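J.: turn this into a model:
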Amino acid sequence: MRRALGKSRPQAAFDGIALCSHFQPIYSLPHQRQVGYEALLRGVASAGGLLEPFELFAKAIVESSTGVLDRLSHATHLRNAAKWLPGQTWLFLNVTPASFIDPGYARQLADIARESGVRPEEIVIELLESGGNDVCAFAHATQAFRSQGFLVAVDDFGAGHSNLDRLLTLRPDIVKLDRSLIHAHQPDLRESVMPKLVSLLHEAGMLVVAEGIETEEDLLLAARSGVDFVQGFLFGQPGPGASPEEAATQQIETVFDTLAHTRQTRELGIDLLLMPYRTRFAEAAERMWAGALPERACEDLRALPCTVGCFFLDQGGRECIPMIDGAGAAPIAARLAPLSKPSIGRWDNRPYFVDALAYPQRLMVSAPYLSATGTGLCVTLSIFISYRGEPLVFGADLDWERLATSAAGLLPPSA
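T.: Predicted structure coming up:
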């Protein structure tokens, strides 16, 4: 049940235009339910039609009254949301930069919220990522709103000249990714950047909302990227009250089923692709353990078409036996000549090396990564063994792009 309401008030108006609220639901992917609503301002024209926010704020800019309209919108949304907003559901309120950094507004808005029947702890203050240049003022304002119980979100991150350093200074509770990230024109870039960006924000302690979810493909990308919440027209148009959630819950369930199937198919496909390389690598490791010369031990492994080379590192991560080229080795391009001497490098910080040392005598398989000695994607097999009484990490680099292309039918597109 909704909490008790405060005193009723007459409908707010701005320059003779009645103000009203539309609400767009925000869904948690792991919870598969609504966890919030973003309040969106509308104006009712004299002819009865609805005016969009940009029309209202354009009028306010001309009349130098954006602050007045901004604060009227907050009171309007709080009054309207209190009529129906369920408990344990956030209300997202957009706040202009000027209102946000006003020293007394956090307390004032908290009082207005309580009077309306909504606790500040149930409200998320949304601030545009590009809103203003005084980062210190915004950081202090963020703390002021938090001290009143509000959560703080940065909106439209990833649009225009978004600044990660600024975001880490503000330390919001929630980051809303701009729809341009979901709708990027380069699918490969979008698929690779989104998960890494979400992971980075999570590591910084921020929850992530993906905006602009309009298709099932958008929802699939958001789920695959690990975002926490989603918002968009796929779940219906904004309206004056609560939105039914049954259809959205089923859509999320379907996406999770699709991802689970894709993971299983991908793992099977990768196992099939790597099977001959794992087998030959294990045989080479056994021969080296028995004391065979590296050239002889790796002969069968080197002959496989996607084996770039076999390498041998001491416990410090430095080459202790010269690298042996495989059938998949190719001359390095002239423009990449500075990367052509791995023998003088130190490789002990590479995951394949760290993992091999952590699990001696166990064959490790890296995830695909961009090789530091070339421009292509590489997968590395590695194992920590003893060779003629000396410990070493034996490894083999595989040309992942060529390997995946040669057996594209085994892997789903997302692999």
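
J.: given the helix or strand hosting I125, what are its sheet partners and their directions?
T.: Here I125, judged by DSSP states H and E, is contained in strand 123-128. Using DSSP bridges, the strands paired with strand 123-128 in its sheet are strand 90-94 (parallel), strand 151-157 (parallel).

J.: which residues are contacting the longest one?
T.: Residues lying outside strand 151-157 but in contact with it, judged by Cβ atoms under 8 Å, 6 or more residues apart in numbering, are 90, 92, 94, 121, 123-130, 142, 145-146, 162, 167, 170, 172-178, 209, 211. In this view, the C-beta of every residue, glycine as well, is placed from N, C-alpha and C.

J.: just to revisit the earlier point, mind listing what's buried along the helix or strand following the strand holding I125?
T.: Beyond strand 123-128 on the C-terminal side, the first helix or strand identified by DSSP H and E is helix 135-147. Using 16 or more other Cβ atoms under 10 Å as the test for burial, helix 135-147 gives F138, A141, T142, A144, F145, R146.

J.: make CSV out of those and add distance to P294 and pLDDT.
T.: Output for those, formatted as CSV (distance: Cβ to Cβ, whole Å; pLDDT from 0 to 100):
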residue, distance to P294, pLDDT
F138, 59, 92
A141, 63, 95
T142, 58, 95
A144, 65, 96
F145, 63, 97
R146, 60, 96
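
J.: right, and out of these, which lies closest to G239?
T.: Nearest to G239 among those, counting by Cβ to Cβ, is F145 at 27.5 Å.

J.: where exactly do the helices run in the stretch 1-150 of the chain?
T.: 53-62, 66-81, 97-100, 105-116, 135-147 (DSSP state H, counting those that start in this stretch).

J.: just give the closest residue to L164, not the sequence neighbours.
T.: Leaving aside its chain neighbours, L164 sits nearest to L200 (8.0 Å; criterion: Cβ to Cβ, 6 or more residues apart in numbering).

J.: I'd assumed the one you found was in a helix, is it?
T.: Yes - the assignment for L200 (DSSP: H, G, I helix; E, B strand; the rest coil) places it in a helix.

J.: hang on, the earlier thing: can you flag the buried ones in the contacts of strand 151-157?
T.: Buried members of those, counted by 16+ other Cβ under 10 Å: 90, 92, 94, 123-130, 142, 145-146, 162, 167, 170, 172-178, 209, 211.

J.: quick one on the thing from earlier: closest one to L109 out of the buried residues of helix 135-147, please.
T.: Set against L109, the nearest of the buried residues of helix 135-147 by Cβ to Cβ is F145 (8.0 Å).

J.: please report how far the closest one lies from S64.
T.: Note on F145: its distance to S64, by Cβ to Cβ, to the nearest Å, is 25 Å.

J.: what's near enough to touch P351?
T.: Contacts of P351 by Cβ under 8 Å, 6+ apart are S366, A367, Y369.

J.: out of the strands paired with strand 123-128, which is closest to V379?
T.: strand 151-157 (32.4 Å).

J.: pLDDT averaged over the helix or strand just after that closest one - what is it?
T.: Sequence-wise, the next helix or strand downstream of strand 151-157 (DSSP H and E) is helix 164-170. In this model, helix 164-170 has a mean pLDDT of 86.

J.: buried residues in helix 164-170, which are they?
T.: Buried-residue list, helix 164-170, by 16+ other Cβ under 10 Å: R166, L167, L170.

J.: and for stretch 17-31?
T.: 17-29.

J.: how far away from the center of its chain is it?
T.: Relative to its parent chain, stretch 17-31 has a centroid offset of 22 Å by Cα atoms, centre = their mean, to the nearest Å.

J.: now do stretch 393-402
T.: Computed by Cα atoms, centre = their mean, the chain-centroid distance of stretch 393-402 equals 28 Å.

J.: enumerate the positions of that stretch that are buried.
T.: Those would be V393, F394, G395, A396, D397, L398, D399, W400, for stretch 393-402 by 16+ other Cβ under 10 Å.

J.: the fifth one: what secondary structure?
T.: Read that as D397. Secondary structure, three-state DSSP: D397 is strand.

J.: just grab the bridge partners of it for me.
T.: According to DSSP bridges, beta-bridge pairing links D397 with G309, T380.

J.: mind listing what the closest residue to F23 other than its chain neighbours touches?
T.: Leaving aside its sequence neighbours, F23 sits nearest to Y37 (Cβ to Cβ, 6+ apart; 4.1 Å). By Cβ under 8 Å, 6+ apart, the residues touching Y37 are F23, Q24, P25, I26, A81, L85, T89, W90, L91, F92, A242.

J.: hang on, the earlier thing: nearest to T380 among the buried residues of helix 164-170?
T.: Within the buried residues of helix 164-170, the smallest distance to T380 is 33.5 Å, found for L167 (Cβ to Cβ).

J.: tell me, how many neighbours does P195 end up with?
T.: As a burial measure, P195 scores 14 neighbours (other Cβ atoms under 10 Å).

J.: try L220
T.: Counted by other Cβ under 10 Å, the residues lying close to L220 total 18.
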